[in-house]
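1. show me how the following folds:
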Amino acid sequence: MSTTAGATIARKPNRRGVAAREKLLSTAVQMLGTGRPETVSINMVAKEAGLSWGSVQNLFGDSDGFWSAVADQIAEVGHDLWAEPQSTTVAGRVAEVADLYRSVLESPYAVTVETMRWALPRPLAVLAETHPRTAASISRLDELAALAFVNFFDDVEGLDDERKATMSEVLPAMLRSLRNERLLGTDIDIDRAHRTIVSMMTAYLEG
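-> Purely as a prediction, here's the structure:
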């Protein structure tokens, strides 16, 4: 993890600077998307991109500006990871969104954010003390994810806002926990657990 003592104002990049900025961000996603916590190092990312810490300072100001930009980059592509719902029933829609989010969690973009969150100070309130912009950007990602879940059920009749809001918090949390179980090498049947989560959430929404 790389930090700075004080914020440095980033300069507005020229054409070469824009290319360098894109290179740094894409390299960060490529490296952090492997899930290795040691990749949450600006020096490592800059070196892999063929650039320097000075380039990061010129383009992003400091470490807070850089990690915030990485999170913002994920927010820009996040919508493209979602598909349009097909089923018109609650049960079908829950199954769809659960399978979709399971796939999203395996994407390098989601893994990048996951890697950042484990390697940087946590929870977000603690991170905000040293990296306020990064904490705000990650918080925005959480809000966008919750909104995506709510919107996935917008045209399904019979669902009240309270149940949809609860679902948008609980379902992704359970699916992330299931992914963590798999990464830890658990002996539980992941697919059966996934089906159970879908059944439980369907029953809650239909109840």
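2. where along this protein do the helices fall?
-> Using DSSP state H, the helices of the chain run over residues 15-32, 42-48, 53-60, 63-78, 90-105, 108-119, 124-130, 132-151, 161-183, 190-206.
3. and the last one, what does it pack against?
-> Looking back up the chat, that one is helix 190-206. Using 3 or more CB pairs under 8 Å, 6 or more residues apart in numbering; DSSP states H and E, the elements in contact with helix 190-206 are helix 90-105, helix 161-183. C-beta: built from backbone N, CA, C; applies to glycine.
4. can you list the buried residues in that helix?
-> Ala193, His194, Ile197, Val198, Met201, Thr202, Leu205 (16 or more other CB atoms under 10 Å).
5. what about the chain, any weak spots by pLDDT?
-> 1-13 (pLDDT under 70).
6. mind running it again at 50?
-> In the predicted model, the chain carries pLDDT under 50 at residues 1-6.
7. returning to what we had before: redo the buried residues of helix 190-206 as JSON lines? Include distance to Arg16.
-> As requested, the buried residues of helix 190-206 are exported to JSON lines (distance: CB to CB, whole Å):
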{"residue": "Ala193", "distance to Arg16": "50"}
{"residue": "His194", "distance to Arg16": "47"}
{"residue": "Ile197", "distance to Arg16": "48"}
{"residue": "Val198", "distance to Arg16": "49"}
{"residue": "Met201", "distance to Arg16": "49"}
{"residue": "Thr202", "distance to Arg16": "53"}
{"residue": "Leu205", "distance to Arg16": "52"}
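8. fine, thanks again, bye for now.
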